[in-house]
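Participant: let me see the structure of the following:
(4 chains)
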Amino acid sequence: MRLLEWEAKSVFRDYGIPVPEGRVASTPGEARIIAEEIDRPVAVKAQIPVGGRGKAGGILFAETPEEAEEAAGRLLGSRVRGVEVKEVLVERRLALEGELYLGVAVDRGSRAYTALATSEGGVEIEEVAARTPERIIRLTIDPLEGLRPHHARWLVKQIGLVGRRMLEAADILLRLYRLAVEMDAELTEINPLALTPEGLTAADARLNVDDNALFRHRDLLERFGGSELLGLTQREREARRLGLTYVELDGEIGVIGNGAGLTMATLDTVQLYGGRPANFLDLGGGAPADRVEAAVSFLLTDPKVEALFINILGGITRCDDVARGIIAARERAGAWKPVVVRMIGTREEEGRRLLEEAGIHCLDSMEEAAERVVSLIGGR
Amino acid sequence: MRLLEWEAKSVFRDYGIPVPEGRVASTPGEARIIAEEIDRPVAVKAQIPVGGRGKAGGILFAETPEEAEEAAGRLLGSRVRGVEVKEVLVERRLALEGELYLGVAVDRGSRAYTALATSEGGVEIEEVAARTPERIIRLTIDPLEGLRPHHARWLVKQIGLVGRRMLEAADILLRLYRLAVEMDAELTEINPLALTPEGLTAADARLNVDDNALFRHRDLLERFGGSELLGLTQREREARRLGLTYVELDGEIGVIGNGAGLTMATLDTVQLYGGRPANFLDLGGGAPADRVEAAVSFLLTDPKVEALFINILGGITRCDDVARGIIAARERAGAWKPVVVRMIGTREEEGRRLLEEAGIHCLDSMEEAAERVVSLIGGR
Amino acid sequence: MRMVRFVDAETRAVVQGITGRQGRFHTRLMLEYGTKIVAGVTPGKGGETVEGVPVYDTVAEALDRHQVDASIIFVPAPYAPDAVYEALDAELNPIVVITEGIPLRDEMEMVARAMRRGITIVGPNTPGVIKVGECKLGIMPARVFTRGRVGVISRSGTLTYEIADHISRIGLGESTCVGLGGDPITGLDFIDALRWFEEDPETEAVVLIGEIGGDAEERAADFIAEGGFTKPAVAYIAGRTAKPGKRMGHAGAIIQGSRGTAQSKMEALEAAGVSVAERPSDVARLLKALLG
Amino acid sequence: MRMVRFVDAETRAVVQGITGRQGRFHTRLMLEYGTKIVAGVTPGKGGETVEGVPVYDTVAEALDRHQVDASIIFVPAPYAPDAVYEALDAELNPIVVITEGIPLRDEMEMVARAMRRGITIVGPNTPGVIKVGECKLGIMPARVFTRGRVGVISRSGTLTYEIADHISRIGLGESTCVGLGGDPITGLDFIDALRWFEEDPETEAVVLIGEIGGDAEERAADFIAEGGFTKPAVAYIAGRTAKPGKRMGHAGAIIQGSRGTAQSKMEALEAAGVSVAERPSDVARLLKALLG
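Facilitator: Residues are numbered from 1 along each chain as shown, chains lettered A, B, ... in the order given. Predicted coordinates for the structure are as follows:
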C-alpha cells in the first residue's frame, strides 16, 4: 500500500518528523482557504501514487491564495503521469538552502532494513544510484539490534552534516526508522529533506506499507483507505473487489493460471509465440469451483480479451473443480469466447472428462496450448 | 511508584487484561451510585498502597447499593494497616471457582524479568514461597527474546490449566509481560487471577513502576500522580517536595550522610552505640552548600530529633561546602540542636576551619562521632 | 557462511498447525509419501490425533515424547512467527514455513534469529523441500517427482512442478528440490542452496527457477561466475511480460524502478555460464544436453 | 561463566559524555591520576578539546584516530544505554557506567547485550574501578587508596572510600577496587568479581561491602562456601536499621517482603567462613588479623 504524500506526511507528523505547514484539498476553494491560513507563498502538489510528479507538471507554486486556487483548479481533475488528480496538497513553500535524502528500505539481499542517505536529494534515488552511486551511503540495520543513535550520526556525518545539523538529521533518521518498523514500511523516504533557515524539513514524504502487514494497521486503512486504489486501473479495482489476484496488461489473450510463477511463465510463453496477454490472473492454491467461475466470468467481461488461456497444474488445486468452474462460467456468460485449457495433475481425468463432455478440448503441454491460443486469434 | 489497585486495573484494561466491572469512589454517595450501575453484589475495597488489606478488614461486601454506601462510609477516612483510606474501589463481586496467581517481576539474580505462576492464588506470593515453594513455577525471560506465546503456554500448563483455559491464561500472561516491559514495571501481579464461570479475571491488580523510568511515563504521573505519596509519612512528603532523599525512622538522632551506603552504615553505627536514628538522609554526591543547608534545616524542624550527626566523606562532595551549609542552617534556624560533625576528604582543612570558627567541633572517626552523639543525648 | 540443512529418509518432523485444514490435508499426503511425521502441535488441542499423529499443546511437550529433528509450519500468518520461535527454541532444523502472507518485518526478525542459531528456515511462502523418494516436507504434488540426478532451487511453486514434471518425463529425475519461497525475505537464497547442492553427491546438475523482483538471481550468477558452484546449471526466469510497479502474485515478484527485471537476471546468468531456458519445457532438454 | 576485564596501567580509555560538568571534572582527575584518557565523545561537540583530550562525535571516529580499550560513561540516564551500545559496537572492554538513574528495563537489556559479547559492564551507578597506582577509571577520590594487597568489591561508593581509607591507614593497601553499582541490576555481581580476584596474583584477601536488597551477598556466600573463592574474605553489610519497603537511597537498597535483610546476608557470609565486620572500621582490623 503506497500512501499519498499528504497521508505519509500525516504519519510523519505522528512520529515527530518536521513537515511543512499544509493540508490537503479536493476543491480549488479549499486550496484557497488553506493558502489563506498559511499566509505565505505555497506549493500546490498533485496527490498521486507515482513518482516523477514534479517534472510532469504536478507541482505548481502560488504567491497568493488566488493563485493557489487557480493552480488547484488546473491540477484537480487533470491527469498527471496517467493518474487522475483527485486531491492536491497545499503547503508552505520552503526556502531551500539544500536538498538531502534519507530513506529506510527493506533490503532483500541482507534480509534487513537498510538506511540510506545522500546529499543528492530532490531527484529519485535510482537516478543518483545510476549516476553517482558513491554518493549514496548505506547502512544495514541488524533486525535484532535496531538502528542506534550512533549509527544514525555516523550515516548523516558521511553526507557532510556536522554539529547541530548532524544531530537534527540523525534524530530525523531515527524517527524514520522507528516509523518504518512500527508501520511495517517496505520503503519510506524523505526526498528531499530540505535544509532551510529554520532547520531540516521533510519537503516530500513517501511511505509504502507492506500489504501483508495491513492486518496490524487497520487504523491506517480507516484513515487513508481510499487512496490505495488510485494507482489501479478500473478493472484492477473491480478484480480487487472480487478478491482476484489480477494485473491488467495491454493484449488480447486473457490468461488464468494457478500459482504466481506458473502464471507469469504462461504470459511469457504466450508472448514468445507472438501473442499479447491481456492480464495476469493467479487463482492461487486450491481454488474451489466458484473462484474459477468468478475468474473466468471476470475475463469474459473484458472487451479487449479475444480468447482465454487457462493453464492449470493441479497440486492442491483439483482439475475437476477447475472444470466445473469453467463450465459454470460458460453457462452464466452472455457471450462466450474461445478458450484453450491446459490442465494436468490432481483429478486430471475427471476434469478432462467434464470439459470434453461440455465440448471444451484440453491440452497436455503449456507450450502447445500457448501456440493454439495465439493461432486462434490469428497471431499479431 | 506503587499504583493503587484501581489505578493498576485501569492500566490492565489498556492492555486488554480482563478486570471486574467497577470504579473508584471517594464518598459513600459515589459508592452507592457505582453499585447501582453494576446492579449486582459488589466488593468495596480500600485503596491503599500496602498488602494484607483483606485480613485487616479493608475489603467489605455488599448485596445492595445501600450496603455499598454503608461499607464505603465505614472504610473511607479509617486507617487500614496504618494508612488512611481516601478512596474505595466498588466493583462487581466475582463468583470464584478458583484462584490463581500470575506475576512478572524483575529478578536481580538473573538480571531479567521472571514470569511467575502458581495455582495457590489469593495469598501473598511470599507466603506461598515460604510454605510450598514447589508450587511456584518460574521462568526467566531473556531480555533479548522476550516472553513468547509458547513460553506462556508452558508456564500456565505447569499450574494445571488445559485447553481453552490454558490459552486464556497464556494470553493474559503475555499481556501482563507486555505491560511490564512497556510500563517499566518492577513488579506486576494478578493475585488472585479468578476462575469464574465467564472466564479468567484479574480480581486484584498490582503494578510497581520503576521510579527511574518515570521520565518515560509522564502520562502515568498525570493520571495517578497523587497516590504515590499515600504510603509516605507527612515528613517524607515534605522531604520529597524539598528534593531530599529521606526516610523517616523512629529515633532521636537525626542523621545526614553523603552516599547511600555510608549513610546506612552511619545509622547502623549509631544504633550499635545504643542510639536510635530518627531518619536516613543522603545528600548524594557533590552536594552544594544550599542542599546541605536545606537538609540540616529540615531535620532541625523535626520535633523528635534531639541531636544531629553529620557524616561526610568528601570525594566529589567538598567539606567546605558542607561546612558553609551547616553554618547557614544554624544562622537561619529558630532553634539549634546539638550537632556532631565527622568530616574528612576533599577540602577538609578549609571545612574544619570554617566549622571551628563557628564553634562546631569536627571529628575524624565515624565510630567516635557516633559514640559522641549518643552520649550527647544520654544514650537510651 | 550459512549452514544449510535439508531432509532425508531419517528426518523426523513435527507439524505445527496440524489441526487446520491445510495442516491435516498435507499431514496425510506427507505420511503417504513416507515422511516421518511423528507429532503435531496446536495450542489448546493437545491430546487429539490427526491421521494417527498425536497432537500436543507445545513443541516442548512433543519433544518430551518423541525424537524430532525438523518442523513444518502451517500456522496462519499472524501467529507463524511465534511458531517459528517455538521451533527455534526446540532447535528443530530445518524449519519449513509454508505460511503465506507473513509481514516482512516478522520475516526479517525470524530469519535473523534462525541465522544466529545456525538453523535453516525454508520459506516462508514455500512449497517446502523434498528429497525425492525419501522425505517430502512440503505441499508439492508427489506425482511430478522421480528420483534422479538434478537438484531444483525455485522461487515458485507450480512452476517448479511444471519443470520437475518435464525433468522426470525426460528420464533425468530429481535429487532434492527446494522452494526458496515467494516472499521478498526468505530464509534461504539461491547461493545458500547452491552451496548445499555443490556438496551433495547425489546431485549432478542444478536448475534455478527465478522470477522478477530483487537481485537474488544476479547474486547467484556472481557466485557461480566466481566458481562457488561448479556443476552444470540451467535456469528459467518467469516474468518477462511483467510491468514495473505491478506485483505479480508473489509479494516478492515486483519490479521496482529499473531493478529486478527478467532481462537483467537472464543476462547475468548467461554471462556466468548458466544455460537459460526460454520456455519451461526447454529446461529438461537443456539439462539432457548438458548431462548426456 | 562470565569473563571479567578490569583495568591496569596499559588501559587506554575514552570518556563518553566528556563535555558535561561531571565528565569534564573527572576527566581532569583521572588524567591527574595517570589514567590514559585518549579521547572523549559528545555527539555534536566533535572538534573541541577537554583538558587537552580531543572530542569526537562518535566512538567510531575516536577509534579511527586512537588506540582505545575501555570506556567510561557520564551520559545522562535517558541516553546512557545508547552510549553503552555504541561502546559495545566498538568492542570496548570494560565499559564503566557512572550514570545513576537508568531504568531497570534498559539495564537488563544493556547487560544482556554485553554478556552476549563477552564484555564487562562495571555499574551502572558505580564509582568505577581502580587499579591502585596504575589506572583509575571512575570517580573515587584517589587520596584514600594506597597500593597494596587487598581487593575491594562494593555495592556502595562513599562507604567504600571509608573502608579503603582504613585499609590504607593500617598499612595493607588495596590492589584493585571495583564498585558493582547501587542499582538492582548491574553488569557484575559479587561472584563475577570474586572469580577475577581469585585469579589476580596481586590480591591476597578481599573485602565485600554489601547492603540490604536482593540476594547477591547470599549467592556470593554460597559461591565461597562451595570453594569458588579461597582467599581470606571480610565483609561489611550496611542497612541493619532499614525498614522493609523503604528504599534507602540506592534503587537497589530496599527490603522487599522478608528478602534482602542485612541479617540474612551477614548470617550467610559468616556461615561461609567470611569474617563479618560490625563497624566499617573493623574491616581493616579483621583483615590485619587474617593477613598478619
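Participant: find the nearest non-adjacent residue to the residue of the stretch 1-150 of chain C found nearest chain D, please.
Facilitator: Among the residues of the stretch 1-150 of chain C, C:R116 lies closest to chain D, at 9.7 Å counting by CB to the nearest CB. Bear in mind the C-beta positions are built from the backbone N, C-alpha and C, glycine included. Computed as CB to CB, 6 or more residues apart in numbering or on different chains, the closest residue to C:R116 that is not its neighbour in sequence is A:L144, at 7.2 Å.
Participant: with A:P41 instead?
Facilitator: Sequence neighbours aside, A:R93 is the residue nearest to A:P41 in space, at 4.4 Å (criterion: CB to CB, 6+ apart).
Participant: let me know whether stretch A:233-241 sits next to chain C.
Facilitator: No - Stretch A:233-241 lies out of reach of chain C by CB under 8 Å from any CB of the partner chain, never closer than 8.9 Å.
Participant: in that stretch, what's buried?
Facilitator: A:R235, A:E236, A:E238, A:A239 (16 or more other CB atoms under 10 Å in any protein chain shown).
Participant: still on that earlier bit, the residue nearest to A:P41 contacts A:V42, doesn't it?
Facilitator: Yes - at 5.6 Å, A:R93 counts as touching A:V42 under the criterion of CB atoms under 8 Å.
Participant: if we can go back for a sec, relative to A:K45, how far out is the residue nearest to A:P41?
Facilitator: 10 Å (CB to CB, to the nearest Å).
Participant: give me the neighbour count for the closest residue to C:Y79 other than its chain neighbours.
Facilitator: Leaving aside its sequence neighbours, C:Y79 sits nearest to B:P149 (CB to CB, 6+ apart; 7.7 Å). Counted with other CB atoms under 10 Å in any protein chain shown, the neighbours of B:P149 add up to 20.
Participant: OK, contacts around B:P149?
Facilitator: Contact analysis of B:P149 by CB atoms under 8 Å, 6 or more residues apart in numbering or on different chains lists B:A170, B:L174, C:P43, C:Y79, C:D82, C:E86.
Participant: who's in contact with the closest residue to chain C within chain A?
Facilitator: Closest residue of chain A to chain C, CB to the nearest CB: A:G261 (2.3 Å). Contacts for A:G261 were tallied using CB under 8 Å, 6+ apart; they are C:154-160, C:182, C:209, C:211, C:238, C:249-250, C:253.
Participant: kindly report the same for A:I33.
Facilitator: A:I33 sits next to A:A25, A:P65 when contact means CB under 8 Å, 6+ apart.
Participant: now the helix or strand containing it, how far from the centre of its chain.
Facilitator: Per DSSP states H and E: A:I33 is located in helix A:28-38. In terms of CA atoms, centre = their mean, to the nearest Å, the centre of helix A:28-38 is found 30 Å from the chain centre.
Participant: and if you look at stretch A:17-31?
Facilitator: Centroid separation for stretch A:17-31 versus its chain: 23 Å, with CA atoms, centre = their mean.
Participant: what pLDDT, on average, does that stretch get?
Facilitator: Mean per-residue pLDDT for stretch A:17-31: 96.
Participant: list the buried residues in stretch A:124-143.
Facilitator: Buried-residue list, stretch A:124-143, by 16+ other CB under 10 Å: A:I125, A:V128, A:A129, A:I136, A:I137, A:R138, A:L139, A:I141, A:P143.
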